[in-house]
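**Student:** Provide a 3D model corresponding to the input given below.
(one chain, ligands or ions: 1)
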Amino acid sequence: MTIPAEPAPVGKSSNAPTEETVLSVRHFTERLFAFRTTRPASFRFRSGEFVMIGLMVDGKPLLRAYSVASPSWDDTLEFYSIKVPDGPLTSRLEKIQPGETLLLGRKPTGTLILDALTQAKRLIMFATGTGIAPFASLIRDPEAYQRFDEVILVHTCRFKAELAYGLELVASLQADPLVGEAASEKLKHIASCTREDFAVTQRITAMIDEAGRFEALTGAALSPETDRVMICGSLEMNADLRLRLEALGFQEGSVANPGQVVVEKAFVG
Ligand SMILES: Cc1cc2nc3c(=O)[nH]c(=O)nc-3n(C[C@H](O)[C@H](O)[C@H](O)COP(=O)(O)OP(=O)(O)OC[C@H]3O[C@@H](n4cnc5c(N)ncnc54)[C@H](O)[C@@H]3O)c2cc1C
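**Tutor:** Below is the predicted model of the structure:
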């Protein structure tokens, strides 16, 4: 696909969001959908980062933080979104159609960056709900497979249908010309669902708390010796997991000071 030469700025400021065109929309459940937009040539980001996106509402930009779900090499942008009933942005965004305009901020940022982690054997990504979005980007990035012998994505939702985006994405990677071979060899996806029958029905914290369970699911116990961890979920899940990882001796990292675990909120509230 061809990248448009120059983004169209909204308003006069050079920091104003650009206007991108929605290319496709897919609804997964009543609460979840994904969409693709054009990507301006000037928009650079690292896989795992988030950016402000939104719509013009009553003549003003209404923007929210969104993880970019597509990898940094992709020439279009993908986002994976909740539909919050009466949510200021998502009650409008859920109606978006191909050909319509999405506002895209110019300053992607975030903590879920491969460069914020030191070298180890396994990369483990823990996500709940739409917290899978930054990892949808990272599992399509060849660097994840170059840096780690194993890449493990643990995704928990309440209902089976909410796992579909991740399950389909991981299945589609087998045929991906860029990361297909590495993903087939190194990527493991543990999907769990807490309110319906499924192969795994535990919360992530329970997988870690139950003696021997994490080892049974992934092949080895969670350890700062072998593992680097990324976390993206609700405030509560992030706090619960952080406590457990601190107890195991994991040190938090950043790009300036790489470490063993990085954490980001999937939403506020
Ligand atoms: C760093 C960061 C990255 C984010 N990335 C994404 C993303 O990739 N996809 C996405 O859908 N949202 C993401 N969000 C949340 C997003 O910014 C908005 O909150 C969301 O789009 C709802 O917007 P709204 O205006 O409709 O409602 P808001 O007024 O923003 O939210 C209303 C309430 O809905 C709940 N809520 C908001 N977002 C979610 C969510 N994702 N899952 C469950 N409950 C939620 C919260 O209780 C919140 O208080 C992210 C937030 C942060 C801080």
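**Student:** Could you use CA atoms for every contact and neighbour count after this?
**Tutor:** Noted.
**Student:** Show me what counts as buried in stretch 236-249.
**Tutor:** 237-238, 241-242, 245 (16 or more other C-alpha atoms under 10 Å).
**Student:** Those in helices, which ones?
**Tutor:** Among the buried residues of stretch 236-249, the ones falling in helices (DSSP state H) are 237-238, 241-242, 245.
**Student:** Can you add pLDDT and distance to the ligand and give the residues you listed back as JSON lines?
**Tutor:** Shown next, in JSON lines, are those (pLDDT from 0 to 100; distance: C-alpha to the nearest ligand atom, whole Å):
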{"residue": "Met237", "pLDDT": "96", "distance to the ligand": "12"}
{"residue": "Asn238", "pLDDT": "97", "distance to the ligand": "13"}
{"residue": "Leu241", "pLDDT": "97", "distance to the ligand": "17"}
{"residue": "Arg242", "pLDDT": "96", "distance to the ligand": "17"}
{"residue": "Leu245", "pLDDT": "98", "distance to the ligand": "21"}
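**Student:** picking up where we left off before, which members of the buried residues of stretch 236-249 define the maximum pairwise distance?
**Tutor:** Taking C-alpha to C-alpha as the measure, the buried residues of stretch 236-249 span a maximum distance of 12.2 Å, between Met237 and Leu245.
**Student:** Please render the ones in helices among the buried residues of stretch 236-249 as JSON lines that adds distance to Arg106 to the earlier fields.
**Tutor:** Below are those laid out as JSON lines (distance: C-alpha to C-alpha, whole Å):
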{"residue": "Met237", "distance to Arg106": "29"}
{"residue": "Asn238", "distance to Arg106": "27"}
{"residue": "Leu241", "distance to Arg106": "31"}
{"residue": "Arg242", "distance to Arg106": "30"}
{"residue": "Leu245", "distance to Arg106": "34"}
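**Student:** which among those residues gets closest to Phe159?
**Tutor:** Met237 (17.1 Å).
**Student:** Residue numbers of the chain in contact with the ligand?
**Tutor:** Residues of the chain found near the ligand (C-alpha under 6 Å from any ligand atom) are 50, 64-67, 80-82, 84, 87-91, 130, 133, 265-269.
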